[in-house]
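Q: sequence and predicted model, in that order:
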Amino acid sequence: MNALTPTVSTGPLPASRKIHKSGVLHSQIRVPMREIAVHPTAGEPPVTVYDPSGPYTDPAIETDIEKGLARLRQDWIAARGDVVPYDGRHVRPEDNGFATGERLTREFSVRNRPLRAKAGKAVTQLAYARAGIITPEMEFVAIRENLGREIVRGRLQQDGDAFGASIPDFVTPEFVRDEVARGRAIIPANINHPESEPMIIGRNFLVKINANIGNSAVTSSMAEEVEKMVWAIRWGADTVMDLSTGRN
């Protein structure tokens, strides 16, 4: 990187800290949340909110975009025993618009062998849900969706018109599994993106925000695109879509 290339923003957001909640069915999972401090005069406990900001706001993690993100779900995927690694291919000149010299971004230095399903296996959250399996991803989602609902469990009031939705007072891992199995919700959890934190999209779950980023044919570096992504998730984007129109 040179002096003109921005550094990637890290560190906690103001007046808050990253906390983690452990799983019950799958004790190895640690679901990140953000605990916001309340002024002492309020006499109230901290407010816990949904946190999609990833490891970039965790002071215990050192971020280096040259090394990539930790493979959060790697062991979960391997434990299911239904995938095998294979040799992927290297980047080809045509992948980068035949860019050369200073206009070519070098291939990412970290190469992980990609995975694919074993013969006769389906490795989607939909397939697991329909087989009656509650995966770590499903429990992760349930914990995320609940936020502080444990505190007020049984005391929530359902106001307004549900418009056909059936949102429970408390989201259980089984409810997540059932909604996915019915085809009413999805958990984007590609086996070759084990760094992703599970989240769910469906009418009976919290509203999700998608942000679009991408380099242009005129300018922007890889670090700048990562910085865009970091600020999108710091401000609450649940998913980020790459819509690059430039090379590399």
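A: Thanks, I have the structure now.
Q: remind me which residues of this structure are low pLDDT?
A: Applying pLDDT under 70 to the chain flags residues 1-6, 148-160, 162, 248.
Q: how far away is the residue with the shortest distance to the centre of it from Asp238?
A: Nearest residue to the geometric centre of the chain (CA atoms, centre = their mean): Glu197, 3.1 Å. To Asp238, Glu197 is 9 Å away according to CB to CB, to the nearest Å. All C-beta atoms are positioned from the backbone trio N, CA, C, and that covers glycine.
Q: touching both of the two, which residues are there?
A: Where contact means CB atoms under 8 Å, 6 or more residues apart in numbering, the residues bridging Glu197 and Asp238 through contact with each are Pro52.
Q: gap between Glu197 and Arg80?
A: For Glu197, the distance to Arg80 - CB to CB - is 18 Å.
Q: touching, Leu104 and Asn96? I think so.
A: Yes - A contact is recorded between Leu104 and Asn96 when judged using CB atoms under 8 Å, the distance being 6.2 Å.
Q: neighbour-wise, which of those two wins?
A: When Leu104 and Asn96 are compared on other CB atoms under 10 Å, the one with more neighbours turns out to be Asn96, at 17 against 14.
Q: the more buried one touches His90, doesn't it?
A: No - contact status for Asn96 versus His90: not in contact, 11.8 Å apart, counting by CB under 8 Å.
Q: so which residue of this structure lies furthest out from the middle?
A: For the chain, the largest distance from the centre (CA atoms, centre = their mean) belongs to Thr41, which lies 35.4 Å off.
Q: pop out the phi and psi values for that residue.
A: Phi and psi for Thr41, reported as degrees, to the nearest 10, are phi -70, psi -20.
Q: count the residues that sit near Leu13.
A: With neighbours defined by other CB under 10 Å, the count for Leu13 comes to 14.
Q: residues in contact with the closest residue to it other than its chain neighbours?
A: For Leu13, ignoring the flanking residues on the chain, the nearest one in space by CB to CB, 6 or more residues apart in numbering is Thr57 at 6.1 Å. Contacts of Thr57 were listed using CB under 8 Å, 6+ apart, and they are Thr10, Gly11, Pro12, Leu13, Lys18, Arg34, Asp51, Arg234.
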